[in-house]
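Novice: this is the structure alone, sequence omitted:
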Ligand SMILES: [Fe+2]
C-alpha cells in the first residue's frame, strides 16, 4: 500500500510523539454494530463459561481475545484504509527498503471495570527505546474515551527513552487521550502508556489491534486458531497479517526460508 493517505506532518508527529489520533474513522451505525457484536460475543462466552478472561492480571473485566475467530465482521478493521497507511509507514520503517512484511500479533476487545485502579505506565514492545517501532497498536474507540471512562494515558515522546517508566510514578508530561467514539489512537508499542481509572460505570469498549514486524511472535498463533471456514474468506493481505506467509518451516526439508510468497500460501487448512 502506498502511503497516499498520510501527510508528512502526520509522519513527523508520529515519529516525534509516538502516537497519532484519527477521528471519525467509522460511522455511528458501524460503531453500534461492532458494540452489539462485542456484547453478544461476551455474553455467549460467559454463558458457555469459556475462559474469556484468564484472571492472570487479577481483575475481572470484559475481555475478548482473538476477535477474528469470534465474529468475521471484526476482520475488516485490520486493513482499514484510513489507518493502515500509518501503521505501514511506522512498522516498515527501518526494514529493508522499508518494505518488509508485518503481521497482527494481537486482536482483542476490552471494556474495563469501573473503579479498577489506573494501569501502571508500561511499554507493550518489551523493549524500550527501539530506534523504529517493533509493534504499533491501533486502539479503536467504540465509546467515548475520557476521564470518566478511563481513557488511555501516555507520555508523548517516551518511545525514544531507553528505559521503562518507574513503578507508581506520576510523570508531569503524562496526558490522557480524550476522543469520541469512532476515533482510533495509533501508538508505538514502545510508548509509555496505561489505561486510566474508569470513574463511572459506563460502557467503554475498545478494540486493540497490535501490528508487529513479521519476525516477532504473535500473542496467539492465528495460523492455528483460525478455522478453515474463516481462512477461505480471507484476502491475501489478511492471510499475510494472520501470519500465514511467515510460519517457520519445520525443518530444511520443507523449505529453507521463513517468508513465503502469496502464491505459496496454503489453499486450505484442512
Ligand atoms: Fe499496554
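Specialist: Okay, I see it. Just so you know, these numbers come straight off a predicted model, no measurement behind them. Numbering: from 1, shown residues only.

Novice: tally of neighbours for the closest residue to residue 150 other than its chain neighbours?
Specialist: Nearest residue to residue 150, sequence neighbours excluded (Cβ to Cβ, 6 or more residues apart in numbering): residue 198, at 3.5 Å. The C-beta positions use only the backbone N, C-alpha and C, and glycine is treated the same way. By the criterion of other Cβ atoms under 10 Å, residue 198 has 21 neighbours.

Novice: if I look at residue 265, how far off is residue 95?
Specialist: Separation of residue 265 from residue 95 (Cβ to Cβ, to the nearest Å) stands at 21 Å.

Novice: oh sorry, the question was meant for residue 217
Specialist: Residue 217 is 17 Å from residue 95, by Cβ to Cβ.

Novice: so between the two, which is more surrounded?
Specialist: residue 95 (15 against 10).

Novice: which residues touch the more buried one?
Specialist: 132, 213 (Cβ atoms under 8 Å, 6 or more residues apart in numbering).

Novice: what pLDDT is listed against it?
Specialist: Predicted confidence (pLDDT) for residue 95: 97.

Novice: going forward, begin numbering at 46 instead of 1
Specialist: Understood, numbering begins at 46; the last thing we discussed is residue 140.

Novice: after the longest helix seen in the chain, next one along is what?
Specialist: If you go by DSSP state H, the chain has its longest helix at helix 73-92. Per DSSP states H and E, the first helix or strand lying C-terminal to helix 73-92 is strand 107-109.

Novice: the most centrally placed residue in the chain pairs with what?
Specialist: In the chain, the centroid-proximal residue (Cα atoms, centre = their mean) is residue 254; its distance is 1.8 Å. Residues in a beta bridge with residue 254, per DSSP bridges, are residue 152, residue 183.

Novice: quickly note the distance from it to residue 125.
Specialist: The gap separating residue 254 from residue 125 is 9 Å, by Cβ to Cβ.

Novice: again with residue 228
Specialist: Counting by Cβ to Cβ - residue 228 and residue 125 are separated by 12 Å.

Novice: and these two? Which one has more around it.
Specialist: The neighbour comparison of residue 228 against residue 125 (other Cβ under 10 Å) goes to residue 228, with 20 against 17.

Novice: the more buried one touches residue 65, doesn't it?
Specialist: No. In this structure residue 228 lies outside contact range of residue 65 using Cβ atoms under 8 Å: 10.8 Å.

Novice: quick one: least confident helix or strand in this structure?
Specialist: Lowest mean confidence among the helices and strands of the chain (mean pLDDT, DSSP states H and E): strand 107-109, at a mean of 89.

Novice: pull the residues that contact the next helix or strand after that one.
Specialist: Reading on from strand 107-109 to the C-terminus, the next helix or strand found by DSSP H and E is helix 129-137. The contact list for helix 129-137, computed with Cβ under 8 Å, 6+ apart, reads 46-51, 55-56, 59, 65, 67, 143-145, 147, 177-178, 180-181, 183, 231, 233, 256-258.

Novice: ok, now how distant is the residue nearest to residue 170 when sequence neighbours are not counted from residue 132?
Specialist: Nearest residue to residue 170 in three dimensions, chain neighbours excluded: residue 234, at 3.7 Å (Cβ to Cβ, 6+ apart). Noted for residue 234: a distance of 11 Å to residue 132, by Cβ to Cβ.

Novice: these two - which one has more neighbours?
Specialist: Applying other Cβ under 10 Å to residue 234 and residue 132 shows that residue 234 carries more neighbours, namely 26 against 23.

Novice: hmm, the more buried one is touching residue 174, no?
Specialist: No. Using Cβ under 8 Å, residue 234 makes no contact with residue 174, being 11.9 Å away.

Novice: show me the common contact partners of the two, please.
Specialist: Here residue 234 and residue 174 have no joint contacts, going by Cβ under 8 Å, 6+ apart.

Novice: and the helices in the stretch 146-295 of the chain, which stretches?
Specialist: 273-276, 281-287 (DSSP state H, counting those that start in this stretch).

Novice: this completes my enquiry, with thanks.
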